[in-house]
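how would this look folded up:
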Amino acid sequence: MKAWSIGIVGLAGLVAVIAGAYSAPEALLAVACLTALGIGIGWPHFLGIPAKKTLAALIGLPGVGSAIAATYLPAPGFLDWTPSFIAAGVMAIFVMQLVRGTGQAQRLESTLGSCAGVMLSCLGAGWIAGSRFNGVREMVLVAGVSAAIALLAGLIRWPDRVVAPLGIIGAGLAGPLAGLVFSDIAVLPAALVGVAVGSVLVSFRRLVVLRGEALNFPAALGMGLAPVSAIGSLAYFIDKLLIY
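This is a model prediction of the structure:
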């Protein structure tokens, strides 16, 4: 698959997240769980590491647990269990590598890359926390619009030195515009969310460029959903720090 397919997957994930946020809580929970499982399945393929099926479970299941906890924990501790799920996933990765034994291929890369995948999987619970925070969903929409602009910029087949500033600036401008049109969120928090989201997404684009190899569908799925998951928690904490 072409590298641009990652951006399409990311855009589809964003649409699902925003639609879930404006639907029933169970709908957003389902989206978050499917996103976590998608990262679990695809991340080992993107990294090109062995034991893909086992790692898919160890990466995806902590994200599912984190999403369920964020849905049902009382306010304001929506993400109180998320660090525990990340820790459990990381420990499971280390145990799995010990079981594989010494001398196995790509053991270090598999351990470090899988631990990063666990964190990305669990951070998707931030979308649920942002949706539940004060009962206001507008920041989810602002973050989603900013991310969509950054992803669209990433589809342009120009060098990173052009696309990266374009994506960050575009997301930084789209955030306040979405805030003014769809909500009463102040310009500064919306702009900060846009710039932060854009920076994260163009950084993930750089990872794809550095990989420089053709992607299969699971790899595109994992890499497309991973940044979408990560910016959920990012938007939530910016919302909590600057607006609450």
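
helix or strand right after the lowest-mean-pLDDT helix or strand in the chain?
Least confident helix or strand, the chain: helix 187-211 with a mean of 87, by mean pLDDT, DSSP states H and E. Downstream of helix 187-211, the next assigned helix or strand under DSSP states H and E is helix 217-242.

just list what that following helix packs against, helices and strands only.
Under the contact criterion of 3 or more C-beta pairs under 8 Å, 6 or more residues apart in numbering; DSSP states H and E, helix 217-242 touches helix 4-21, helix 25-47, helix 107-123, helix 125-132, helix 138-154, helix 187-211. Yep, even glycine has a C-beta here, placed from its N, CA and C like the rest.

hey, which of those is tucked in deepest?
helix 125-132 (a mean of 29; mean count of other C-beta atoms under 10 Å).

and it, what does it pack onto?
helix 4-21, helix 25-47, helix 52-72, helix 138-154, helix 217-242.

if we can go back for a sec, for Ile93, find the nearest of the helices and strands packed on helix 217-242.
helix 107-123 (4.7 Å; C-beta to C-beta).

so who does the nearest residue to Trp81 once chain neighbours are set aside touch?
Excluding its sequence neighbours, the residue lying closest to Trp81 (C-beta to C-beta, 6 or more residues apart in numbering) is Ala69, at 3.9 Å. Residues near Ala69 by C-beta atoms under 8 Å, 6 or more residues apart in numbering: 79-82, 85, 125.

name the nearest of those residues relative to Leu112.
When the contacts of Ala69 are compared against Leu112 (criterion: C-beta to C-beta), the nearest one is Phe85, at 18.7 Å.

give me the angle between the strand or helix carrying that closest one and helix 217-242.
Here Phe85 sits within helix 82-100, counting by DSSP H and E. Using axes from the mean of the first three to the mean of the last three C-alpha atoms, to 10 degrees, one finds that helix 82-100 and helix 217-242 are set 150 degrees apart in direction.

please list the outside residues in contact with helix 82-100.
By C-beta under 8 Å, 6+ apart, helix 82-100 touches 51, 54-55, 58-59, 61-63, 65-66, 69-70, 104, 107, 110-111, 114-115, 118-119, 121-123, 125, 233.

okay, the helices and strands packed on helix 217-242 in JSON lines with distance to Leu180 next?
Shown next, in JSON lines, are those (distance: least, C-beta to C-beta, whole Å):
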{"stretch": "helix 4-21", "distance to Leu180": "18"}
{"stretch": "helix 25-47", "distance to Leu180": "25"}
{"stretch": "helix 107-123", "distance to Leu180": "28"}
{"stretch": "helix 125-132", "distance to Leu180": "19"}
{"stretch": "helix 138-154", "distance to Leu180": "10"}
{"stretch": "helix 187-211", "distance to Leu180": "7"}
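
the ones you listed: which one's closest to Val228?
helix 4-21 (4.3 Å).
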